[in-house]
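[1] the amino acid sequence is not available; the structure is as follows:
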């Protein structure tokens, strides 16, 4: 085989692995730091804070006596608290009660807070990232004002200029931005529309394209469009030879395909390219709750211009970011339930290979996309760790709840059995998810 055919594939694989390791390391470090710092605040001594497993490549001991280390296998991490190893027999072997600074000897509230802190810190990380992105990017000013037009094919009419405040489109007054998506759906689907704008203090009517052209502004990883190497900025001008100029037309053509391969004519930087892509069945959360199955090609559209923005305050950004985290949690739990009941495909469950591929795909689309993905994944990791399964943080919290109610810890034998069951469940889930990635859900 020609070496020049191997190198691009190797480079892509290496980029994917690096992106996955970076994303996972950030999330794991924050998760474990939550355990560590709350444990320290609660008076529990941490012996080791490890990022990664296996042979240690770097370590140092801080003034608190904690060894901070980086291990060779960067696919996880842990905090080892005093008394963690064979905790049930600590003290008994020495003929004394476990010390207050051990995981076993600390009060119940301290142990529960330390365990819960890992997932909580994951949620906090997500809120911080979502909020920071919103504050940096800002939000579109009201009224909607053109900042910079995107590059469109020459056939599109564009008389709007930078700084134009859009007062109406096709005779329909522009609403507040919160209602803009529904407003777009009410507009006539025409290649050219009249825009009434405010320019330099004067109102005038100019012409411009349909607000949402069939333009690719984002690509979903592991989608039909991503797999055939469509790019951000591509403008789809025809489907199966039928001209289109609105994203709504593209949606209708994909929905009507029923999975049949489509011939897409794409304009890219002055060049016309034909692609064949087969829409894929995707389960999506519906506004009313539950899921709906639709055929998609994996592209996201938007306005034909960048809008001028205004600052977003700290409170508004935090509130919106928290709502985003809550939406991810609700959608994930709903999706899991619908998979268990068979309402949607189990292919919605990705394993480490699928997550790694998504990490690489998001990183290839730019830093902002990758950072946003880290926030989404951090929420997912926090939620997963709260599941009431022994060996996960949620399982330990169930043990602590049992202790709070009965006044005693579960027996050593019960703990060993439950931990073995929990480990079997996690390993089975991981095997199933990897099978999805490799064989069951191509």
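    Yep, that arrived. A quick note: this is a predicted structure, and the numbers were derived from the prediction, not measured.
[2] show me the contacts for the closest residue to residue 132 other than its chain neighbours.
    What sits nearest to residue 132 in space, not counting adjacent residues and going by C-beta to C-beta, 6 or more residues apart in numbering, is residue 317, at 7.7 Å. Where you see a C-beta, it was placed from the backbone N, CA and C, and this is true even at glycine. The neighbours of residue 317, taking C-beta atoms under 8 Å, 6 or more residues apart in numbering as the test, are 130-132, 134-135.
[3] make it 7 Å
    131, 134-135 (C-beta atoms under 7 Å, 6 or more residues apart in numbering).
[4] and those, which are buried?
    131, 134-135 (16 or more other C-beta atoms under 10 Å).
[5] tabulate the residues you listed in JSON lines, adding columns for pLDDT and secondary structure.
    Below are these laid out as JSON lines (pLDDT from 0 to 100; DSSP: H, G, I helix; E, B strand; the rest coil):
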{"residue": "131", "pLDDT": "96", "secondary structure": "helix"}
{"residue": "134", "pLDDT": "92", "secondary structure": "helix"}
{"residue": "135", "pLDDT": "93", "secondary structure": "helix"}
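[6] now residue 106: closest residue in space, sequence neighbours ignored.
    Closest to residue 106 by C-beta to C-beta, 6+ apart is residue 44, at 4.9 Å.
[7] and the one you found, what does it touch?
    Residue 44 touches 81, 101-103, 106, 110, 114, counting by C-beta under 7 Å, 6+ apart.
[8] again, only this time at 10 Å
    35-36, 38, 79, 81-84, 99-107, 110-111, 113-114 (C-beta atoms under 10 Å, 6 or more residues apart in numbering).
[9] going by neighbour count, which of the residues you listed are buried?
    35-36, 38, 79, 81-84, 99, 101-106, 110-111, 113-114.
[10] can you tell me the element residue 267 falls in?
    strand 262-268 (DSSP states H and E).
[11] for that strand, the distance to its chain's centre please.
    28 Å (C-alpha atoms, centre = their mean, to the nearest Å).
[12] same deal with stretch 325-336?
    Using C-alpha atoms, centre = their mean, the offset of stretch 325-336 from its chain centre is 12 Å.
[13] got it, and stretch 336-347?
    Averaged C-alpha coordinates place stretch 336-347 at 20 Å from its chain's average position (C-alpha atoms, centre = their mean).
[14] give me the buried stretch members for it, please.
    Going by neighbour count (16+ other C-beta under 10 Å), the buried part of stretch 336-347 is 336, 338-339, 344-345, 347.
[15] ok, and what's touching it?
    With contact meaning C-beta under 10 Å, 6+ apart, stretch 336-347 is reached by 280-285, 290-293, 334-335, 348-349, 354, 383-384, 387, 432-433, 435-437, 440-442.
[16] please repeat the previous calculation with a cut-off of 6 Å.
    283, 291, 436, 441 (C-beta atoms under 6 Å, 6 or more residues apart in numbering).
[17] and if you look at stretch 122-132?
    Residues from elsewhere that reach stretch 122-132 (C-beta under 6 Å, 6+ apart): 30-31, 317-318, 321-322, 324-325, 375, 378-379, 381-382.
[18] scan these and report the most crowded one.
    residue 378 (28 neighbours; other C-beta atoms under 10 Å).
[19] isn't there a strand covering that residue?
    No - using DSSP: H, G, I helix; E, B strand; the rest coil, the secondary structure at residue 378 is helix, not a strand.
[20] helices of the stretch 101-250 of the chain, start to end?
    108-137, 180-185, 224-227, 247-257 (DSSP state H, counting those that start in this stretch).
[21] so which of the ones you listed is nearest residue 274?
    Nearest to residue 274, of all those, is helix 224-227, at 13.8 Å by C-beta to C-beta.
[22] run through who's touching that closest one.
    With C-beta under 6 Å, 6+ apart, helix 224-227 has contacts from 219, 277-278, 280, 297-299.
[23] what would the helices of the stretch 101-250 of the chain look like in CSV with distance to residue 369?
    Listed next are the helices of the stretch 101-250 of the chain as CSV, based on distance: least, C-beta to C-beta, whole Å:
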stretch, distance to residue 369
helix 108-137, 10
helix 180-185, 21
helix 224-227, 12
helix 247-257, 20
